[in-house]
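A.B. asks: Give me a model of this one.
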Amino acid sequence: MNSRFQEKDNVNYDVKGIEPAITETESISQEPFSTFSSDNNELTSEGGLNNTWTRFKNSFKRFELEELDPNLTDAEKIAIATARSPLKHTLKKRHLHMIAVGGAIGTGLFVGSGKALRTAGPAGILIGWTVTGSMIYCMVMAVGELAVIFPVSGGFTTYATRFIDESFGFAVNFNYMLQWLVTLPLEIVAASITVNYWGVDPKYRDGFVALFWVVIVSINLFGVKGYGEAEFIFAVIKVITIIGFIIMAVVLVCGGGPQGGFIGAKYWHNPGAFVGATPGLKFKGFCTVFITASFSFGGSEVVGIAGSEAENPRKSVPGAAKQVFWRIILFYVICLLLIGMLVPYNDPV
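C.D. replies: Just a heads-up that it's a prediction; the model follows:
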C-alpha cells in the first residue's frame, strides 16, 4: 500500500476508453482555469463590499465547460467534466491531517457510546468498535490511494461512476446525499443536547439548534479555505478534549478521584463484561454495537473527498490516510476501554 502511494507524479490513467489517457498535469484543460482566474481578477479589481457580494452570487452559478464531443458516452463526458472542474486546491497539509483526525470524532463517541455501553457492556463496545475500525481503516486506505492517483472533483462518489457504472454512481451519490441530510440535523440536535450538561435550561435548546445551524451555514459560505480552517480549529479542540479525558480517566481508574479507591476493571466482573444472562443475549447485545460504531466512524471518507482540494494530494493525502490507524487506536479503543472501566453498564445515569 505504501509503495502505491509513492507513485510518480504524472500517472497516466485511461477511463472507459477515453483517448488519449487523462493525466493529472497534461489533459486537464487550462482554459477553464484561466477563464475562472481572469473572472476573479476582474472581480477583485472592483474592490469593496460589491466585490465580495458579486463573488458570492457568482459562486452559485454552474461552471460552463466547452462543448464536448457528442460521440462520447455519458461516462466519458463525466470523466472529462470532473477532471476539468475548477477546484481551488487551497487545502494545506495541516488542514487535511486535521480533517482526517477530527472527521470521525463526534456524537458517535461523545453521545452514542453511552447507549452502546448499556446494550453491549464494556467488552462488547470494545470489540465492536475494534472490528468496525479495522474495516474503516481498509476503506480509508483504498479511498486515499484513489484520491492520490485521481484527485478529481467528487472524490469516491465520482469513482463509482467512472469505474463501475453510471447507475451505480447515481445510487452512491443519492445515498451519500441522504446520509448527510439525516446526519446534519442529528448532529445539530445532539450538540444542543450536550449543552444541557452545563446547566442550560432545556427551553433554550431550540435556540442552540438555530445557532449551530447558522454557524455551519456560515462556514460553508467561505468556500473550501474557510471549511479547512474551521475543521482545523474544531479538530484541535476535539483532540485536546479527548487527550484531557484520557488523562483524567487514567487518574480516576488508578484511584485518584475524590472518593479514592482503585477502580481498575472491577466493573468488568460486576455487573460483567457483556450485557445479558445467556450467551444468546450477550451476542445480541454485542451485534447492536455495530450500528452505533459504524455511525461513529462516519466522516472518515471525507479525506478522499477533500484530497481533491489539496495543494499537493500526492504528499498530503497519504499522510492523512495513514493517521486513521492511530485515530482508531487512540481516540476510540483507548477511550472506550477507559469508559468501560469507569462506568458500569447498568448505571442508571
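
A.B. asks: Flag the shaky bits of the chain, pLDDT-wise.
C.D. replies: Applying pLDDT under 70 to the chain flags the ranges 1-50, 52, 55-69, 74-90, 103-104, 107, 307-308, 349.

A.B. asks: what about 50?
C.D. replies: 1-46 (pLDDT under 50).

A.B. asks: Show me the residue at the heart of it, geometrically.
C.D. replies: Gly299 (2.3 Å; Cα atoms, centre = their mean).

A.B. asks: now it: how far from Trp213?
C.D. replies: Here Gly299 is placed at a distance of 18 Å from Trp213 (Cβ to Cβ, to the nearest Å). Placement of C-beta: from N, CA and C, glycine included.

A.B. asks: cool, and Ala100?
C.D. replies: Here the criterion is Cβ to Cβ. By it, Ala100 lies 25 Å from Trp213.

A.B. asks: Ok, Gly257 next?
C.D. replies: 38 Å.

A.B. asks: do Val172 as well
C.D. replies: 27 Å.

A.B. asks: Same check on Phe297?
C.D. replies: Using Cβ to Cβ, Phe297 is found at 24 Å from Trp213.

A.B. asks: Sort out which residues of the helix or strand where Gly121 lies are buried, please.
C.D. replies: Assessed by DSSP states H and E, Gly121 sits inside helix 112-149. Neighbour-count burial for helix 112-149 flags 112-113, 116-130, 132-133, 136-137, 139-141, 143-149 (criterion: 16 or more other Cβ atoms under 10 Å).

A.B. asks: Over to stretch 195-204?
C.D. replies: Going by 16+ other Cβ under 10 Å, stretch 195-204 has these buried residues: Val195.

A.B. asks: List the contacts of that stretch.
C.D. replies: Stretch 195-204 has contacts (Cβ atoms under 8 Å, 6 or more residues apart in numbering) with Arg205, Phe208.

A.B. asks: how long is that stretch from one end to the other?
C.D. replies: End-to-end distance for stretch 195-204, by Cα to Cα, to the nearest Å: 10 Å.

A.B. asks: what do you get for stretch 149-161?
C.D. replies: End-to-end for stretch 149-161, by Cα to Cα: 16 Å.

A.B. asks: repeat for stretch 213-228
C.D. replies: 18 Å.

A.B. asks: did I read that right, the residue nearest to the centre of the chain in a helix?
C.D. replies: No: under DSSP: H, G, I helix; E, B strand; the rest coil, Gly299 sits outside any helix and is assigned coil.

A.B. asks: What helix or strand is Pro258 located in?
C.D. replies: Using DSSP H and E, no helix or strand contains Pro258.

A.B. asks: these two touch, right, the residue nearest to the centre of the chain and Gly106?
C.D. replies: Yes: with contact defined as Cβ atoms under 8 Å, Gly299 counts as touching Gly106 (6.9 Å).

A.B. asks: Report how many residues lie close to the residue nearest to Thr157 when sequence neighbours are not counted.
C.D. replies: In this structure, Thr157 finds its nearest non-sequential neighbour in Asn173, 4.8 Å apart by Cβ to Cβ, 6 or more residues apart in numbering. By other Cβ atoms under 10 Å, 16 other residues sit near Asn173.

A.B. asks: And the one 3 residues further on, by the same measure?
C.D. replies: Around Tyr176 sit 16 other residues, with neighbours defined as other Cβ under 10 Å.

A.B. asks: orientation of the host helix or strand of it relative to helix 112-149 in degrees?
C.D. replies: Per DSSP H and E, Tyr176 falls inside helix 166-195. Angle, helix 166-195 to helix 112-149, by axes from the mean of the first three to the mean of the last three Cα atoms, to 10 degrees: 140 degrees.
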